[in-house]
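**Student:** sequence and predicted structure below; questions after.
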Amino acid sequence: MASSDPLYSHRCTLPHRTLWFGWASLYEDRIHIQGWTWRGQYQKEVAVADIDEVDWRPRPERPNLLLHLEDGRTIPIRLRKGAGLWNAKLHDLLGQSLLEDRGIPKNGQREEGDEQAKDDEDQAAA
């Protein structure tokens, strides 16, 4: 694969902005969003290195990929397909675990202070 070939490329829209024929392309070092607005051609690039956190939500009718940047801005994108693939690949490119933010402890044990879950388990065992 040439360095100019995208890893993924999918149709997209942006909330709060009219974007016709929108496409988002994921490269190893950047995300390129393009399409047409009322004012003409729209293009935006986001460096992968500028992304602090990726938030994926499996909902096709609203933004399903939120890119939280290091400068505090958030870029919401609605991918028509492939948002889960993008989520996994972006976590990989950023060196982040997919499971880290989902409440699964690293050592497989319950977090301190989770007394309600412990009580529920005790009641179920009785």
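**Tutor:** Yes, it's here.

**Student:** ranges for the strands of this protein?
**Tutor:** Here the chain has its strands, by DSSP state E, at 8-13, 20-26, 30-37, 40-47, 51-56, 65-69, 74-79.

**Student:** wait, which of those is closest to residue 98?
**Tutor:** Set against residue 98 and scored by CB to CB, the strands of the chain come closest in strand 51-56, at 9.0 Å. Bear in mind the C-beta positions are built from the backbone N, C-alpha and C, glycine included.

**Student:** who's in contact with residue 69?
**Tutor:** Counting by CB atoms under 8 Å, 6 or more residues apart in numbering, residue 69 touches 46, 50-52, 75.

**Student:** residue 93 too?
**Tutor:** Counted by CB under 8 Å, 6+ apart, residue 93 has contacts 28, 48.

**Student:** and which of the contacts of residue 69 is nearest to residue 92?
**Tutor:** For the contacts of residue 69, the residue nearest residue 92 by CB to CB is residue 51; the value is 12.3 Å.

**Student:** so how far is residue 26 from the residue lying closest to residue 13 once chain neighbours are set aside?
**Tutor:** With CB to CB, 6 or more residues apart in numbering as the criterion, residue 13 has its nearest non-adjacent residue at 4.8 Å, and that residue is residue 78. As defined by CB to CB, to the nearest Å, residue 78 lies at a distance of 15 Å from residue 26.

**Student:** just residue 89 next, same as before
**Tutor:** Between residue 89 and residue 26 the computed distance is 6 Å (CB to CB).

**Student:** how many other residues sit next to the residue nearest to residue 13?
**Tutor:** 21 (other CB atoms under 10 Å).

**Student:** right, and it touches residue 62 too?
**Tutor:** Yes. At 6.5 Å, residue 78 counts as touching residue 62 under the criterion of CB atoms under 8 Å.

**Student:** what sits in contact with each of the two?
**Tutor:** Common contacts of residue 78 and residue 62 (CB under 8 Å, 6+ apart): residue 15.

**Student:** run a quick neighbour tally on residue 6.
**Tutor:** Residue 6, neighbours per other CB under 10 Å, totals 16.

**Student:** OK, contacts around it?
**Tutor:** Taking CB under 8 Å, 6+ apart, we find residue 6 in contact with 25-27, 32.
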